[in-house]
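S.K.: need a structure here:
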Amino acid sequence: MRTRNIGTVPVSAIGLGAMPMSVLGHMPDEAQSIRTVHAALDAGVTLIDTADAYTPSHREVGHNERIIAKALSSWGGDTGDVLVATKGGHTRTAGGGWGLNGSLDYLREACERSLKALGVDSIALYQHHRPDPSVPYAESIGALKELLDAGKIRAAGISNANPAQIREAAEILGPGLVSVQNEYSPRFRSSEPEIDVCEELNLAFLPWSPLGGMSSARQLGSAHAAFGEIAEAHGVSPQRVCLAWMLARSPIVIPIPGSSHPATIQDSLGALDLELTPEELARLSG
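M.R.: Alright, predicted model coming up:
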């Protein structure tokens, strides 16, 4: 399994985004979710991304984190090198909506809940999920600094951040900041400037929804013709071509495709062995 670094920690070059196991309209049952995590681990995946807000409702905060914890504890292999990343600061509201709370007190509480849900004493990578316009960004990032200093988390990340926010977080957290997680896919390419800043600062960039989201992923090859045509030429899926294209974008990019079935994560991992020509990459990036 090819690896890339988050800070000083090597992880599989493709991770597992666990959101589909908790917030889709038709969630897989817990047993299927655990089988999917086990399939990823069996294949050599050592990065699993989750969040406290990946939950069917506001009454079940930490739902996805608890599934990940069960999957890890029931897997027959050694999980010592598996990095579980989670996030706090994005909330769920009654009726299935989403909210924000980036305050110092809330992030402290959210981290404590995540520690309990994951069943760990320290979180390997804790990420501020989304900027809260009602809270100064420096206050939210200061909460991560406090959690780092207290040993509650071992590394910090930020999500849905613009270049100025990435630089501000780097100034506050120093080497404690190791990653940025923003949306990036064939249909959403506006995070190119953030990737460039991450390269400059040597931060891992973790694209969320790298296939365009679960509903769009199925139409990737038809919605973006170049991906479908190059996939056909290689005899692989458009989704595999997409992830190979992302891996070629920069050595700091670590895609985290979502999956709710073992077969889909296995297909995603095939991107690690797919070599695209410079001409193909130029066409996909055009």
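
S.K.: Next one, pLDDT for residue 217 please.
M.R.: Per-residue pLDDT puts residue 217 at 82.

S.K.: tell me, how many neighbours does the nearest residue to residue 19 once chain neighbours are set aside end up with?
M.R.: In space, and not counting its chain neighbours, residue 19 is closest to residue 54: 4.9 Å by CB to CB, 6 or more residues apart in numbering. (Glycine included, C-beta is placed from N, CA and C.) Using other CB atoms under 10 Å, residue 54 has 27 neighbouring residues.

S.K.: correct me, but residue 54 touches residue 66?
M.R.: No. Residue 54 is beyond contact range of residue 66, at 10.4 Å (criterion: CB atoms under 8 Å).

S.K.: just the helices in the stretch 101-250 of the chain please.
M.R.: For the stretch 101-250 of the chain, helices defined by DSSP state H, counting those that start in this stretch occupy the ranges 104-118, 137-149, 163-173, 192-201, 214-217, 220-223, 225-234, 238-249.

S.K.: Next, the angle helix 163-173 makes with the fourth one.
M.R.: Our comparison of helix 192-201 with helix 163-173, counting by axes from the mean of the first three to the mean of the last three CA atoms, to 10 degrees, yields an angle of 30 degrees.

S.K.: Also the first one?
M.R.: Relative orientation of helix 104-118 versus helix 163-173 (the same axes, to 10 degrees): 80 degrees.

S.K.: what's the first-to-last distance across stretch 240-257?
M.R.: With CA to CA, to the nearest Å as the measure, stretch 240-257 spans 10 Å from end to end.

S.K.: same check, this time on stretch 67-80
M.R.: 18 Å.

S.K.: Report the buried residues of it.
M.R.: 67, 68, 69, 71, 72, 75 (16 or more other CB atoms under 10 Å).

S.K.: do stretch 97-115 as well
M.R.: Using 16+ other CB under 10 Å as the test for burial, stretch 97-115 gives 100, 101, 102, 103, 106, 107, 110, 111, 114, 115.

S.K.: List of residues touching it?
M.R.: With CB atoms under 8 Å, 6 or more residues apart in numbering as the test, stretch 97-115 has contacts from 52-53, 61-62, 65, 86, 88-93, 121-123, 126, 128, 130-135, 137, 139-140, 142-144, 146-147, 152-153.

S.K.: Determine which of the helices of the stretch 101-250 of the chain shows the lowest mean per-residue pLDDT.
M.R.: Among the helices of the stretch 101-250 of the chain, helix 214-217 scores lowest, at a mean of 76.

S.K.: now it: how far from the chain's centre is it?
M.R.: From the chain centre to the centre of helix 214-217 is a distance of 16 Å (CA atoms, centre = their mean, to the nearest Å).

S.K.: what about residue 6, how many neighbours?
M.R.: 22.

S.K.: hang on, isn't residue 168 packed against residue 139?
M.R.: No. Using CB under 8 Å, residue 168 is not in contact with residue 139; the gap is 11.3 Å.

S.K.: Give me the more crowded residue out of those two.
M.R.: residue 168 (16 against 13).

S.K.: Quick check: closest non-adjacent residue to that one.
M.R.: Closest to residue 168 by CB to CB, 6+ apart is residue 137, at 6.1 Å.

S.K.: Please tell me how far that neighbour sits from residue 155.
M.R.: 19 Å (CB to CB, to the nearest Å).

S.K.: go on, residue 247?
M.R.: 22 Å.

S.K.: These two: which is more packed in?
M.R.: A direct count of neighbours by other CB under 10 Å for residue 247 and residue 155 places residue 155 higher, at 25 against 20.

S.K.: Quick one: residues contacting residue 124.
M.R.: With CB under 8 Å, 6+ apart, residue 124 has these contacts: 9, 83, 84, 85, 153, 154, 155.

S.K.: these two touch, right, the last one and residue 7?
M.R.: Translated: residue 155. Yes. Counting by CB under 8 Å, residue 155 touches residue 7, with 5.2 Å between them.

S.K.: any common contacting residues for the two?
M.R.: Shared contacts of residue 155 and residue 7, defined by CB under 8 Å, 6+ apart, are found at 178, 179.

S.K.: ok, back up a step: which pair of the contacts of residue 124 spans the longest distance?
M.R.: Farthest apart among those by CB to CB are 9 and 153. That separation is 13.1 Å.

S.K.: is the closest residue in space to residue 124 that isn't next to it in sequence in a bridge, and if so with what?
M.R.: Nearest non-adjacent residue to residue 124, counting by CB to CB, 6+ apart: residue 83, 4.7 Å away. Residue 83 has the following beta-bridge partners by DSSP bridges: residue 47.
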